[in-house]
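Participant: no sequence on this one, just coordinates:
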């Protein structure tokens, strides 16, 4: 079905400079991938633009006209060189279309990291307010009462099929916006009866540029350095949250996410492994047929550069372009009932080609790319038009199975052409998950964060009104229950399950293969495998507040670091000039005189203070200044925890950066000790005689070795290994962590101790190299995190794990905060 020859040809064609990226199109140079070890995050300035737009009234029908604010003309917009639409041209163009047509509505779905507006365009025939309310009622009926929806003849006849087009999520893959604009203008202005009839039966939603900051700057990532097409189940970025809210609200039958660049054009469905939480039969029938339809449309353009589109499901080896992780637009949208596709247009115009190719050649390529975008969109709309009832029925059936708690269907070989055993991935859904509250639980603030996150993604959570028993355990009132008999059970489970070790299933994976919110977000979550769920309570709109100060008046207060929010509270208090102390076990002691401030931060961050025990007075703690040669995701996480982080790199240090006010040097990206000038190296050496050091990953390990910080030997695991692992600390306590290109430490010298050791891979993909090195067997029992004091006096903590990866494993953040406090601490403090 997927021959090795095809894979070899794929990899060969994708290295052609004129047409493709140097590696697999969706994963090449990801903004939060392997380059995290090399590109340090710089400072960021927010765009200053007056906010003058108006939002449409959601209670109205259609059209809903919005006067979009105009942005100053920017001749530095990188799209201009390609002959494409610069961002500043979009609002005037959309305002003009709204004046000329009653079929188009535009709203501002959110703002980018720099404050640029995100335009959601809706195309549909005019509707009265009553007609719009009817459409919304039908949409809710499909999700919430699918049995009745399946029998509702009026719904089947009158429901407008929603389609969502997402464009330009990677800023330097521009043409999705321009191809979508062609379709928008035609649907808004064409006067033929076919267009009118199509818009009477359908709604088309277009996120015109999902990443406007990247579009202007010509970067894959957004202005904060995040790859938005890796952020869907984390939702760390404003652009990602806007897209999440659109797909949740629209509940599309079909989604296109327009990308570039893969030679010939790529059209999903994906290779296996397919996500095990999908009702895959309800996806693949239309997914494959619609992909073939788009292939025909692209070929009909007659461009030799797009004459042989590639469909990974049909053409690639397993794992080369998988559909396992819910981090991508297309794979995430499937959990909301969509038949979803990533589209990769063929002709490379970004990065090195942007800088080296003549303008005429770049514009020729962009014109072809725009044609391909337009063809895939028009083909997809035609497919929905021709298969509307079947696709509506599929979405109804997905939600019905979820509510009924039915098992996934076992698909036979040949269910669609080429479907075989390698495509068969299923799971057994548990009956429920419980997030307990009260004494003995890991972190109240983590529980509230997880619940709020689930609700924001349209997962249904109930808060118990009274104590209850479930799965043989007793739970107090206020605990949260996720009943897995719900429409979007797949989405609930993909976030809450442990995941699966798929190392033996495929030789390679496209990106991360493990992400469990249950295991990585710091909350206690119990799994209820079966039985009746009859818990009295109410649906959660927002988790209950968790902050508390439980100590008698006049008592010193204690805060145990168990979450990043605890660190944020500590740094808030330190920023106020309060005198805190840190005990040897890491507990932070707040004097009784600062109780009112503690109450304030407890409420702000949701953290819990108790009475300070007899752990000793501790040593003074002040808010550390961190010089961070770190990746963008780490910079965000550190600043979210309230640390004063000053970005550095080899270049910045060579430029004379003053380390005299710095307490901790954090090295994970963009800093090479051997590339420092003599004066910069002398400054670092002087710092290492007094300051603290925290490192992560390959760059951190190399800095440790080159600068002679701790006497250890770092061993690199396989470079594409990733997933959720179990680790054991010095007390024997087993917990979970996350790895991505893992490292471990051997030959620990005097004064160096292991803070964590690797045990097993729980979920993900981690195999040895062909020579047998770098696998999980070699890592088992080895030190994953070490701490010690260097011969020169620097206190250091070295991470071989990924505690801040892509702003996701939030339950691990406290480990980094603790490392910063320990390495910055008074020399008498225990490390």
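Facilitator: That came through fine. Source: prediction; values computed, not measured. Numbering: from 1, shown residues only.

Participant: give the contact list for the spatially most central residue of the chain.
Facilitator: Relative to the mean C-alpha position of the chain, the nearest C-alpha, by Cα atoms, centre = their mean, is the one of residue 231, at 1.5 Å. By Cβ atoms under 8 Å, 6 or more residues apart in numbering, residue 231 lies in contact with 237, 240, 327, 806, 807. C-betas here are computed from N, CA, C, even on glycine.

Participant: now residue 223
Facilitator: 44, 112, 113, 114, 213, 214, 217.

Participant: quickly note the distance from the residue nearest to the centre of the chain to residue 806.
Facilitator: Distance, residue 231 to residue 806, using Cβ to Cβ, to the nearest Å: 7 Å.

Participant: closest one to residue 619 out of the contacts of residue 231, please.
Facilitator: residue 807 (30.9 Å; Cβ to Cβ).

Participant: ok, now which ones touch the residue nearest to the closest one when sequence neighbours are not counted?
Facilitator: Of all residues not flanking residue 807 in the chain, residue 236 sits nearest, at 3.9 Å (Cβ to Cβ, 6 or more residues apart in numbering). Residue 236 makes contact with 226, 633, 636, 806, 807, 808 under the criterion Cβ under 8 Å, 6+ apart.

Participant: output those residues as JSON lines; include the columns secondary structure and pLDDT.
Facilitator: Shown next, in JSON lines, are the contacts of residue 236 (DSSP: H, G, I helix; E, B strand; the rest coil; pLDDT from 0 to 100):
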{"residue": "226", "secondary structure": "coil", "pLDDT": "98"}
{"residue": "633", "secondary structure": "helix", "pLDDT": "98"}
{"residue": "636", "secondary structure": "helix", "pLDDT": "98"}
{"residue": "806", "secondary structure": "helix", "pLDDT": "97"}
{"residue": "807", "secondary structure": "helix", "pLDDT": "97"}
{"residue": "808", "secondary structure": "coil", "pLDDT": "97"}
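
Participant: for the contacts of residue 223, which one is nearest residue 674?
Facilitator: residue 44 (28.5 Å).

Participant: give me the local confidence score for that closest one.
Facilitator: Listed pLDDT for residue 44 reads 63.

Participant: bridged to residue 763, which residues?
Facilitator: residue 724 (DSSP bridges).

Participant: for the stretch 301-450 of the chain, give me the ranges with low pLDDT.
Facilitator: Applying pLDDT under 70 to the stretch 301-450 of the chain picks out residues 440.

Participant: and stretch 693-705, what's buried?
Facilitator: 693-705 (16 or more other Cβ atoms under 10 Å).

Participant: now those in a markdown table, please, with extra columns for secondary structure, distance to residue 571 and pLDDT.
Facilitator: Shown next, in a markdown table, are the buried residues of stretch 693-705 (DSSP: H, G, I helix; E, B strand; the rest coil; distance: Cβ to Cβ, whole Å; pLDDT from 0 to 100):
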| residue | secondary structure | distance to residue 571 | pLDDT |
| --- | --- | --- | --- |
| 693 | strand | 19 | 98 |
| 694 | strand | 16 | 98 |
| 695 | strand | 21 | 98 |
| 696 | strand | 20 | 98 |
| 697 | helix | 24 | 98 |
| 698 | helix | 28 | 98 |
| 699 | helix | 25 | 98 |
| 700 | helix | 22 | 98 |
| 701 | helix | 27 | 98 |
| 702 | helix | 29 | 98 |
| 703 | helix | 25 | 98 |
| 704 | helix | 26 | 98 |
| 705 | helix | 31 | 98 |
